[in-house]
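K.L.:
quick one: sequence and predicted model below, then my questions.
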Amino acid sequence: MRPMALKLTRGLWLWAGSLALALLAVFPLTAATRAIAVLTLLGLVALAWRRAGRRAAALGESLTLAGHTSLPPAAYPKPVVLVCGDGLASLFGVTAVEQLTLHLTKDGCYVRVPELEQLPSVTAGLMALRPEWGAQLSVMFVVNPAEHTDTAVLAGQIRAFSYQVGLVRKRGVVLPLLLASYLQASRGEGPWFSWQAGEGSPSVRAAGACVSLADWQRQSADSATRAGRLHTSVQLNSVAAWLNEAVLPHFARGETRHCGSLPWVCAMTLVPVLPQAVAGNLWQQWLRNKLALVDARQAEPGEGARLPFPDPLLHLLPVQGRLSPLRRASVIASWLFALAGVVALSSSAWQNTLLVRQITDDLRRYTSIPPTGQRDRPEFALREEAFAQLRQDALRLDHYYRQGAPLALGLGLYRGEPLRTQVLATIAGHRHPATAPIPAGSPRPVRLDSLSLFGTGSARLKPGSTKVLVNALVGIKAQPGWLIVIAGHTDATGNAGHNLQLSRARAAAVHDWMKHMGDIPDSCFAVQGFGASQPIASNDTEAGRAANRRVDIRLVPEVGACVLPMPGPDVQPPVAFRDIHVLREGALHGNSDLSVAAR
């Protein structure tokens, strides 16, 4: 991205940070992860804000103008040409290498680039100070054959220039190229001769007019002028041939083609004095090799002579169709918004896919387990566990239905409503196995509150639970041949699998205590755990959840299943039964933590 105004750059960073914060609100992250991500993002935005300010300040300080001059205003409408290559001292005068020199004419502004390596930094500095000039910038590379004696050195200079232009292009600034050449002639200053890309013959540009080379020759007023123009045409053809052979191929070499580009305009003019011409230069070598002519004339000193600027050619340089900095920043902001929208929609679509996959798997698991009427079979426990998971899914989908889907599932992509109807229909069709009717005269189940016996999430009996369990023994009045069924139940809070295991563990703890304290054979017991599959109240209220957390003890008439040892003359009955009358009296006077539901 090419440099732009500091305010726009910082504004884009703030906009990008805001979009990233919005994405963090959409992503399904934990609170801790989201907090860390927000802090990291704020730190990155603050760092980018600071670096943008430092970079803008460094770029502005890198432009040191000679002679206490200043850049034209931001609204300057004319071309701005970066000039590098040969003859800079003859164009701008002698200045320090580290300083830039401006030359303003009625047709444009020329900026001297002292060294080829400074072209990227000068371009970046100008764009930082004058971002509005993005469409006006171009570069002029001067190649004077009379200033060189070695073809290889000139080729290396051209390739170095192409490389620097490529670095500028990688930063988003495409500089139209004007290749200019000055040739010394015996006559005074001549017009500018130019070739544009794709043109076969040059055009002559002088006094605001543009004519073909043939028309320019015919417009001569006398024979002397006509002869001079004919001589100039011959020189022009020689210069064009030299450029095509010694200069232009180096712009199109394979290693620089991806960096630079062929000149947009090639131009040449004749000057009476070329201050920096050297003896035995490339132009003299070209004439000797091609025409067998030797130019024995010595180059005139030309101290203080100035070369003309190519003002008549500036209108040929294409004006790039770039957006203004504000519009360009708006385009970038729009693309960032579109990218954030795509990411948010993709995340929402993926989360909806996971939701559908999870609930569909729960439905498939439930329907794959065949129903059974026997509670002691393994299929019964598996089906009840799957049913408990469906109830959790139903609560989740019902919450989304009433409160609205979260951002991670929303954005118009929520797909849970059809599943909610299917899950509710499956739950409504669930049937628990029928419980065998209690025979007449049989004691009714004893229901114990789990929190009176156990701690939250624990299956270890509390120290104060003894009186509750003794009172349960009193109420049961175990009869020989009857099976004692102990069933654990939980509410629907938490994981269904964990609740199922907890209910079984609590029933087993009550079984172990009764077996030990009542000296009852193990064959008299059956231990079951149902988790949250058999609620007796709604799990939507605290009172209902408290009622569902229970241990039920009931007697099942099964003759011969339970045979208690008969006390003999030397055998004392178990402690629990020896003191049953005392325990009953205590229960009647309210000395237990939980009364028997019914006898």
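P.N.:
Yep, that arrived.
K.L.:
all contacts plus neighbour counts: C-alpha atoms, from now on.
P.N.:
Will do.
K.L.:
helices or strands up against the helix or strand that contains residue 120?
P.N.:
Using DSSP states H and E, residue 120 sits in helix 119-129. Counting contacts by 3 or more C-alpha pairs under 8 Å, 6 or more residues apart in numbering; DSSP states H and E, helix 119-129 is packed against helix 31-62, helix 151-170.
K.L.:
next, the angle from the longest one to helix 119-129.
P.N.:
Angle of helix 31-62 versus helix 119-129, following axes from the mean of the first three to the mean of the last three C-alpha atoms, to 10 degrees, is 110 degrees.
K.L.:
chain center to helix 31-62: distance?
P.N.:
16 Å (C-alpha atoms, centre = their mean, to the nearest Å).
K.L.:
which strands or helices does the helix or strand following that helix pack on?
P.N.:
Toward the C-terminus, helix 31-62 is succeeded by strand 80-85 as the next helix or strand (DSSP H and E). For strand 80-85, the packing partners by 3+ C-alpha pairs under 8 Å, 6+ apart come out as strand 109-112, strand 137-142.
K.L.:
angle of strand 80-85 against strand 137-142?
P.N.:
30 degrees.
K.L.:
mean confidence for the helix or strand immediately after strand 80-85 in the chain?
P.N.:
Sequence-wise, the next helix or strand downstream of strand 80-85 (DSSP H and E) is helix 88-92. Averaged across helix 88-92, pLDDT comes to 88.
K.L.:
same deal with stretch 463-479?
P.N.:
68.
K.L.:
any idea which helix or strand comes after whichever strand or helix holds residue 217?
P.N.:
Residue 217 is located in helix 213-218, with elements delineated by DSSP H and E. Toward the C-terminus, helix 213-218 is succeeded by helix 223-242 as the next helix or strand (DSSP H and E).
K.L.:
helices or strands up against that next one?
P.N.:
With contacts taken as 3+ C-alpha pairs under 8 Å, 6+ apart, helix 223-242 sits against helix 213-218.
K.L.:
and the contacts of the helix it packs on?
P.N.:
The set of residues external to helix 213-218 that reach it, using C-alpha atoms under 8 Å, 6 or more residues apart in numbering, is 201-204, 226, 229-230, 233.
K.L.:
and that helix, what's buried?
P.N.:
213, 216-217 (16 or more other C-alpha atoms under 10 Å).
K.L.:
one step back: hmm, which of the contacts of helix 213-218 are the buried ones?
P.N.:
The neighbour count (16+ other C-alpha under 10 Å) marks 202-204, 226, 229-230, 233 as buried among the contacts of helix 213-218.
K.L.:
how about the helices of the stretch 251-400 of the chain, start to end?
P.N.:
Using DSSP state H, counting those that start in this stretch, the helices of the stretch 251-400 of the chain run over 282-291, 325-368, 378-403.
K.L.:
so for residue 77, which of these sits nearest?
P.N.:
Closest of those to residue 77 is helix 325-368, at 15.4 Å (criterion: C-alpha to C-alpha).
K.L.:
what angle separates the closest one from helix 378-403?
P.N.:
150 degrees.
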